[in-house]
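> With the sequence up front, the predicted model follows.
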Amino acid sequence: MSTIRACIFDLDGVIVDTAVYHYKAWRRLANELGFDLTEKDNEKLKGVSRVRSLELILQWGGLTKTKEEQEALAAQKNDWYVDMINRMTPDEILPGAKAFLIACREAGLKTALGSASKNSGTILDKVGIAGLFDAVIDGNKVSKPKPDPEVFLKGAEELGMPPAMCVVFEDAIVGVEAAKNGGMKAVGVGSPDVLYEADLVISGLNEMSLEKLYLL
Ligand code: BG6
Ligand code: MG
């Protein structure tokens, strides 16, 4: 009998492909500051908080900014990002994500969101799946970034589940590490070359099933 009783999902890159919007907004900011950002650079920003992302980008551009300037730049990027996510529609849910969430709930498993984003509420509303989560833990509720397990441990706590009964779905290396650091199983969503620390790697939730979950 499987011990799994709950699934905790990262948002960006697992449920929706918002990485492209983050990239567009960060790239626009970098361009205005006089340099460019490649898609390879963007990979290093997955799962990383807004504040830390900006620090890295400024470092790559060889720029130093005061705290106040950094706050203004992060706010500007977020305004552009929010403009984009406000236009999101339910057809932007990644293939299989909604069906798997529903399957989990019908099987009596608890579901939670565990994301670094402070915009998760807007995104869940726009794509119409806010009602599919028993708990939502996001960047507004946590202070320690992944790979610290805080976000997932809070999720488990809100669900009333011990970490050992939880599985985390993550597309970022730091996210898989956070799950492991919290004593949870991790399913990597992406490439096995990158997410090799996960217990199972799938290319998307359309490849996931309850049968695979119970084998973890
Ligand atoms: C993570 C993304 O989910 O959230 C990062 O992978 C992003 O790219 C981070 O920087 C914070 O998001 P937001 O929406 O609060 O700026
Ligand atoms: Mg992610």
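Everything's here; your move. Numbers count the residues shown, from 1 in each chain. Ligands and ions are numbered 1, 2, ... in the order given.
> can you give me the strands in the protein?
Assigned by DSSP state E, the chain shows strands spanning 6-9, 110-114, 135-137, 166-170, 185-189, 200-202.
> can you list those strands in CSV and add distance to ligand 1?
Yep, even glycine has a C-beta here, placed from its N, CA and C like the rest. Converted to CSV, these look like this (distance: least, C-beta to the nearest ligand atom, whole Å):
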stretch, distance to ligand 1
strand 6-9, 11
strand 110-114, 10
strand 135-137, 12
strand 166-170, 10
strand 185-189, 12
strand 200-202, 18
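> right, so of the ones you listed, which gets closest to ligand 2?
strand 166-170 (6.4 Å; C-beta to the ion).
> residues from this structure in reach of ligand 2?
10, 12-13, 171-172 (C-beta under 5 Å from the ion).
> Keep those residues, but drop any that are not near ligand 1.
Residues of those in contact with ligand 1 (C-beta under 6 Å from any ligand atom): Asp12.
> From the rest of the structure, what touches the top helix by length along the chain?
Using DSSP state H to define each element, the chain has its longest helix at helix 67-85. Here helix 67-85 makes contact (C-beta atoms under 8 Å, 6 or more residues apart in numbering) with 18, 21-22, 24-26, 28-29, 33, 50-51, 54-55, 58, 65, 119, 122-123, 126.
> repeat that for 10 Å
16, 18, 20-30, 32-33, 49-51, 53-55, 57-58, 63-66, 92, 117-120, 122-123, 125-127 (C-beta atoms under 10 Å, 6 or more residues apart in numbering).
> For those residues, which PyMOL command selects only the ones that are buried?
In PyMOL, this line selects whichever of these come out buried by 16 or more other C-beta atoms under 10 Å:
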select buried, resi 16+18+21+22+23+24+25+26+27+29+30+49+50+53+54+57+58+92+117+119+120+122+123+126+127
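> Just the ones of the contacts of helix 67-85 in helices?
Using DSSP H, the contacts of helix 67-85 in helices are 20-30, 32, 50-51, 53-55, 57-58, 120, 122-123, 125-127.
> Just the closest residue of the chain to ligand 2, please.
Gly13 (3.6 Å).
> So what does the nearest residue to that residue once chain neighbours are set aside look like in phi/psi?
Once flanking residues are discounted, Gly13 sits nearest to Asp171: 3.4 Å by C-beta to C-beta, 6 or more residues apart in numbering. Dihedral pair for Asp171: phi -100, psi -10, per degrees, to the nearest 10.
> What is the burial count for Leu213?
Counted with other C-beta atoms under 10 Å, residues neighbouring Leu213 total 21.
> wait, what's in contact with the closest residue in space to it that isn't next to it in sequence?
Nearest residue to Leu213 in three dimensions, chain neighbours excluded: Ile4, at 5.8 Å (C-beta to C-beta, 6+ apart). Applying C-beta under 10 Å, 6+ apart, we find Ile4 in contact with 104, 107, 109, 161, 164-167, 184-185, 210, 213-216.
> Much appreciated, bye for now.
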